[in-house]
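A.B. asks: The amino acid sequence is not available; the structure is as follows:
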């Protein structure tokens, strides 16, 4: 168990990140701060902050970044990072 350790969790409010949020608190003893990025997607993020706090996060932030630059620049970079991190197929 961690003592006095704090982690930041990229939190969507969905099942997967809600489960890992609770797991980090209960099983690992972390203090968890959540961050949710609004990049202009059509998802409604109004309930994300209360859900994170109800699930046990000590703080919950929503970063609202909806300019055209913010929406167009990260996606290709994230796709490239994911492609780089995936194992290459065995031939």
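C.D. replies: Looks like it came in fine. Values in this document were obtained by computation on a predicted structure and should not be read as measured data.
A.B. asks: pLDDT on stretch 37-53, on average?
C.D. replies: For stretch 37-53, the mean pLDDT works out to 84.
A.B. asks: can you check stretch 64-72 too?
C.D. replies: 58.
A.B. asks: Buried residues in whichever strand or helix holds residue 35, which are they?
C.D. replies: Taking DSSP states H and E as the definition, one finds residue 35 inside strand 31-38. Judged by neighbour count using 16 or more other C-beta atoms under 10 Å, the buried positions of strand 31-38 are 32-34, 36-37. Just so you know, the C-beta spots here come from the backbone N, C-alpha and C atoms, and that holds for glycine as well.
A.B. asks: Dump the residues you listed to a markdown table, plus distance to residue 24.
C.D. replies: Converted to a markdown table, the buried residues of strand 31-38 look like this (distance: C-beta to C-beta, whole Å):
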| residue | distance to residue 24 |
| --- | --- |
| 32 | 5 |
| 33 | 11 |
| 34 | 10 |
| 36 | 16 |
| 37 | 19 |
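A.B. asks: Go through these and say which is closest to residue 52.
C.D. replies: Lowest distance from residue 52 to the buried residues of strand 31-38 (C-beta to C-beta) belongs to residue 34, with 4.3 Å.
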